[in-house]
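Peer 1: return atomic coordinates for the entry below.
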Amino acid sequence: MSALAVLLAAAPASAGPALGAPPAVMMPAENWEARTRLADSIIAPIREAAAAPRRVVEQQEGASRVQFSTSRQAGSLYMVFANPAGGGYPLDGAGTYIIKRSLDDGSFTQVKVFVQDGPGTYVRIFPDGDRTLMDAWLFGKPFQVGVVLPVTFDRVLTAPFASVIEWTSPVVDWSLLLGPEPGDADARVQAMVRTLASRLPSLRDMDDGAMDDAGKMVYIATGEPAGKGGFNCSGFAKWVADGLYAPLAGHPMEIGPLKSRDAGQSHAWAARYEEELDPWFGLDWSRGLARAVAQAQTGTAPSDEQIDVRDSDRLPYIRDVGYPVTDLEYLLYFLARRDPGTFYIGSVNAPSAAASEGTPVLRQHHHLVVLFPYFEATGRFQVTVLERNLKTSLPSLSRRYGTEYVHLVRVRSEGTFAPPKIE
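Peer 2: Next comes the predicted model:
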């Protein structure tokens, strides 16, 4: 049985919502042939190993070419075997091996293998006395740690990565750690992103601006005409959602129902402060958008529980608050694996300052973002962030809202996507 067959057959079931049949996964290109051919340099005395020249090794199997290089940092020697991608040899590309040795005594301290493109998803294999252990990391968070490999550490230096998978498949969930092969749902989300990106330059920015059900630009608070107008973050999220809603309903959504105050009703102790602070506006608006699209798609209005992302088995959900902004990439990866073809409207929230003496500190849902997670044809995981007429990024969100939370609602992408034209 092949290593890939083993990992799909033996991968342990994850907790929480079922993922269904194990998906086809993207195996990193192998470079064991290059490591084997340069084995003498890998195990040479440390000064000789450090002097090994940079070179490109052509392989018969796996990656067509592998670049070997060395560097010294903080008392260690790093020997890098990088696979080609994007016209270069990225250090954090899928399949890159980095062998680390001590410059003091030449001992091997670890092998790091990137299992997906990007710096945060890798395995770290290291000697521990007579044992060989492995820690797996996914988007900067520990995935599975302390896994015992049934081989000596020196075997890892030149073994195929497929062998590492076979050795650990009884305990490591490789069907989640390796990226999936993208499907039609990923392509559909990516096409939506392209459509929206092409329209962004023509959008205008305006506080309290949105499009009403007649396709006219208005002020959200009053419904009064706003001339040429523009969008704030709430109006922009509505325009995106209208891209799915309007082709089904024949017109954009009405604004009135989106402004209804529903979230605060679950917090009776705070109802008296809604008029003063309106702390749940963003949460109510985002749920209203997701609910309207789902009803247009299915004929049935879903409950908050059905549209909220409350069921992550990786991060704890806080009622009407959601998840830390800094954990979005990790969270969205699992959501994209489980529910391909879904995008998310996020309501960023943080504790608000007291409006007056004696007023409690509430969570203010003050900003809306639209998040599109998908897997590219290469298997690389991407999250496109659109907010208030701009394309930004997860790092940008973390810089601006790194101590805050974001509540997510899900929107299925099936159907015609045609954001309304703006006159």
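Peer 1: ok, and the closest non-adjacent residue to Val193?
Peer 2: For Val193, the nearest residue in space outside its immediate sequence neighbours is Thr384; the separation is 4.7 Å by Cβ to Cβ, 6 or more residues apart in numbering. C-beta coordinates here come from the backbone N, C-alpha and C atoms, glycine included.
Peer 1: same question, Met206
Peer 2: Gly230 (3.1 Å).
Peer 1: burial count for the one you found?
Peer 2: 21 (other Cβ atoms under 10 Å).
Peer 1: I'd say it and Arg204 touch.
Peer 2: Yes: with contact taken as Cβ atoms under 8 Å, Gly230 and Arg204 are classed as touching, separated by 3.3 Å.
Peer 1: now do the shared contacts for the two.
Peer 2: Asn389 (Cβ atoms under 8 Å, 6 or more residues apart in numbering).
Peer 1: returning to what we had before: and the residue nearest to Val193, how many neighbours does it have?
Peer 2: Neighbours of Thr384 under the rule other Cβ under 10 Å: 21.
Peer 1: list the contacts for it?
Peer 2: Neighbours of Thr384 in contact, by Cβ under 8 Å, 6+ apart: Val193, Leu371, Phe372, Tyr374, Lys391.
Peer 1: mind checking which of those are in strands?
Peer 2: Within the contacts of Thr384, membership in strands is found for Leu371, Phe372, Tyr374, Lys391, as judged by DSSP state E.
Peer 1: now the last one: how far from Ile307?
Peer 2: From Lys391 across to Ile307, the span is 25 Å (Cβ to Cβ, to the nearest Å).
Peer 1: same question, the second one
Peer 2: Summarising the geometry, the distance separating Phe372 from Ile307, computed by Cβ to Cβ, is 17 Å.
Peer 1: most neighbours, which of the contacts of Thr384?
Peer 2: The most crowded member of the contacts of Thr384, judged by other Cβ under 10 Å, is Tyr374 (27 neighbours).
Peer 1: identify the bridge partners of it.
Peer 2: On the basis of DSSP bridges, Tyr374 takes part in beta bridges with Gln382.
Peer 1: might one say that it is in contact with Asp184?
Peer 2: No: when contacts are counted by Cβ under 8 Å, Tyr374 is not listed as touching Asp184 (11.1 Å).
Peer 1: what ranges do the helices span in the stretch 51-200 of the chain?
Peer 2: According to DSSP state H, counting those that start in this stretch, the stretch 51-200 of the chain carries its helices in the segments 153-156, 161-168, 174-177, 184-199.
Peer 1: and for the stretch 251-400 of the chain?
Peer 2: So, for the stretch 251-400 of the chain - with DSSP H, counting those that start in this stretch - the helices run 274-277, 281-298, 304-307, 328-338, 394-401.
Peer 1: figure out which of these is closest to His407.
Peer 2: Comparing the helices of the stretch 251-400 of the chain against His407 with Cβ to Cβ, the closest turns out to be helix 281-298 (5.7 Å).
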